[in-house]
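Participant: Quick one, fold the following:
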Amino acid sequence: MAGIIYTLLAVIFGAFVLWMVWSVINRGSKNRIASLKVEDIEKSANELIEKYGNDALSEADKLARECLAIGDFQGETIWKLVSKEIRKIQSLGPQN
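Facilitator: Next up is the predicted model:
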């Protein structure tokens, strides 16, 4: 019985440590993303559309996944915003 209690305490402590590390790493990330200009997102979306055409959305999604894979949560969020902007632009259709 004591072994189960110690195991549970170790798991809870491990989860707490992981949460604390995550909190320290991501401290202030919401403020940094909030300071990103809408024009920068629009510019990035338009540049991807110019470069990749109809594949721009999949390219932005790929970049978001790559950022997530290396633990760059801020980069992932930015590329998701670019993806959202690409969807918006593509839904409007070609502009004259």
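Participant: and the gap between V21 and F73?
Facilitator: Shown here: V21 relative to F73, a distance of 13 Å by C-beta to C-beta, to the nearest Å. C-beta coordinates here come from the backbone N, C-alpha and C atoms, glycine included.
Participant: Of those two, which one has the most company?
Facilitator: F73 (15 against 10; other C-beta atoms under 10 Å).
Participant: And that one, what's its pLDDT?
Facilitator: With respect to pLDDT, F73 scores 84.
Participant: Any regions of the protein where pLDDT drops low?
Facilitator: Counting by pLDDT under 70, the chain has low-confidence residues at 26-35, 95-96.
Participant: Got the domain ranges for it?
Facilitator: 1-27, 36-96 (automatic domain parsing).
Participant: Out of these, which one sits most buried?
Facilitator: The highest mean neighbour count among the domains of the chain, using mean count of other C-beta atoms under 10 Å, belongs to domain 36-96: a mean of 15.
Participant: Distance from it to the middle of the chain?
Facilitator: Counting by C-alpha atoms, centre = their mean, to the nearest Å, domain 36-96 is centred 11 Å from the centre of its parent chain.
Participant: Just the CA trace of the helix or strand hosting D40, in PDB.
Facilitator: Here D40 sits within helix 38-52, counting by DSSP states H and E. Provided in PDB are the C-alpha atoms of helix 38-52 (Å, rounded to 0.1, in the frame of the first residue of the first chain):
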ATOM      1  CA  VAL A  38      -1.900  42.300 -38.200                       C
ATOM      2  CA  GLU A  39      -0.100  43.700 -41.200                       C
ATOM      3  CA  ASP A  40       2.800  41.300 -40.600                       C
ATOM      4  CA  ILE A  41       0.400  38.300 -40.600                       C
ATOM      5  CA  GLU A  42      -1.300  39.600 -43.800                       C
ATOM      6  CA  LYS A  43       2.100  40.200 -45.500                       C
ATOM      7  CA  SER A  44       3.300  36.700 -44.500                       C
ATOM      8  CA  ALA A  45       0.100  35.100 -45.800                       C
ATOM      9  CA  ASN A  46       0.300  37.000 -49.100                       C
ATOM     10  CA  GLU A  47       3.900  36.100 -49.600                       C
ATOM     11  CA  LEU A  48       3.100  32.400 -49.000                       C
ATOM     12  CA  ILE A  49       0.300  32.600 -51.500                       C
ATOM     13  CA  GLU A  50       2.600  34.200 -54.100                       C
ATOM     14  CA  LYS A  51       5.300  31.600 -53.500                       C
ATOM     15  CA  TYR A  52       3.200  28.400 -53.100                       C
END
